[in-house]
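Undergrad: The following comprises the amino acid sequence and a computationally predicted model.
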Amino acid sequence: MDDKAKKDFFERIYKEIFPIVIKVSYRITKNLDAAQDVCQEAFIKLYNRVETFPEVEDAKFWLIRVVKNLSFNYLEHEKVKNRAFDKIKHLPSFSDDTGEKQLLKKDAVEKVNKALDQLPENLKAPLILREFGGLNYKEIGAALGISESNVKIRIFRAREALGKLLPVGEVYVP
Amino acid sequence: MCPDVEILSSFYDGELEDSQREVVKTHVESCPHCQKKLAELELISNTINAEEEPDFQMAQVNTWNNLMDIIDREEHKVPKVNFWQRRFQISFPAAAALVAAFIVVLSLSVVSFYMGRHTTSSPASPELNMSDASGTLFNDDNLFDNSSIEFDIPAINTFIHAGEPLLIKEVDFRNRNGNN
């Protein structure tokens, strides 16, 4: 693969996969700058070995796995760093809504984030890939290196846990 | 009989096979309990997605530009090479001149070495330490400047050649005079 072909293939992968991995990383790190850094690092890793992936799909699953791992690593690092501080300070701000609606929305997001934080990584990762990455069970399994039936169980358990942590009717849904 | 919530979760995600999906769909349409469960799954999903998303489009453009900068820098970076692993380029005439110079220097060295071995009669140094009859060292810088050198041998029987072992010379002296 010459330089031009390599760059073209890399660009194709980037255009197709970046919108997925940035969302996944953002939902894990809850920080857009961190998510961008994570994705950038993952794509550099990919560029250095792009020839080893015969198809975009192969690169896609590898990349999602790398982004997921880097994002959780970042999260762990941040947790250690900011143990003494309130985690909520990382939540994004709101711009459109005002007044009571904004407060309700902010409260809902805080509750959701807290609930997601309480999920173990093995449940949180498949749920995020499903809800925010828009991947199907087969793709999630390929990205995480687990079977499809395992994905099905983990997503169900994650939802079940969230259902207990976010009682229906107590959280505002826009 | 109601399907398991795990199956409802897969049904909600559209992950059931066609035959199973139809069965569950038919059941849910007539089961308020399963409808409620599905509504809860939807609510959880909507709650998770309630958070506004930042501008991912801008992030995509910025990250791509950063990546291209990094890749360009990496590709144009001159790799660091250890001094002993470096390759030096030298033109053919310069190399030939170096070899010729080396041969000339080597030849001169060999010639001068052999010439040096066959010219031992020449004075090694203008400074020569000598000793007189009583063994006192003296230095005569003008020793080789004189056309002739005169030595006064002492007129005594116990004369000893300077610089030679005392014991041997005494024996020699006795033999010369017929004394054993």
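TA: Structure received.
Undergrad: Just the element for the closest residue to chain B within chain A, please.
TA: Proximity of chain A to chain B (CB to the nearest CB) peaks at A:Phe156, 4.2 Å away. All C-beta atoms are positioned from the backbone trio N, CA, C, and that covers glycine. Using DSSP states H and E, the element containing A:Phe156 is helix A:148-165.
Undergrad: swap in A:Asp117?
TA: helix A:99-118.
Undergrad: and what of B:Pro93?
TA: helix B:92-117.
Undergrad: Now do the contacts for the nearest residue to B:Trp64 once chain neighbours are set aside.
TA: Distances taken as CB to CB, 6 or more residues apart in numbering or on different chains place A:Tyr14 nearest to B:Trp64, at 6.5 Å, with adjacent residues excluded. Going by CB atoms under 8 Å, 6 or more residues apart in numbering or on different chains, A:Tyr14 touches A:43, B:64, B:67.
Undergrad: If you rank every helix and strand of chain A by mean pLDDT, what lands last?
TA: helix A:99-118 (a mean of 77; mean pLDDT, DSSP states H and E).
Undergrad: Which strands or helices does it pack on?
TA: If contacts are counted by 3 or more CB pairs under 8 Å, 6 or more residues apart in numbering or on different chains; DSSP states H and E, helix A:99-118 sits against helix A:121-131, helix A:148-165, helix B:32-48.
Undergrad: any idea which of the contacts of A:Tyr14 is closest to B:Val111?
TA: B:Leu67 (68.0 Å; CB to CB).
Undergrad: shouldn't the closest one be in contact with A:Phe43?
TA: Yes. Using CB atoms under 8 Å, B:Leu67 is in contact with A:Phe43, at 5.6 Å.
Undergrad: For those two, work out which one has more neighbours and name it.
TA: Ranked by neighbour count (other CB atoms under 10 Å in any protein chain shown), B:Leu67 and A:Phe43 place A:Phe43 first, with 27 against 20.
Undergrad: got the residues of chain B near chain A?
TA: B:5-6, B:9-10, B:13-15, B:40-41, B:43-54, B:56, B:59-60, B:62-64, B:66-67, B:70-71, B:75 (CB under 8 Å from any CB of the partner chain).
Undergrad: Put the buried members of those residues into a PyMOL selection.
TA: In PyMOL, this line selects whichever of these come out buried by 16 or more other CB atoms under 10 Å in any protein chain shown:
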select buried, chain B and resi 5+9+10+13+15+40+41+43+44+45+47+48+50+51+54+56+59+60+63+64+66+67+71
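Undergrad: Roughly how far does the closest residue to A:Val50 other than its chain neighbours sit from B:Ser107?
TA: Leaving aside its sequence neighbours, A:Val50 sits nearest to A:Phe10 (CB to CB, 6+ apart; 5.3 Å). Counting by CB to CB, to the nearest Å, the gap from A:Phe10 to B:Ser107 is 62 Å.
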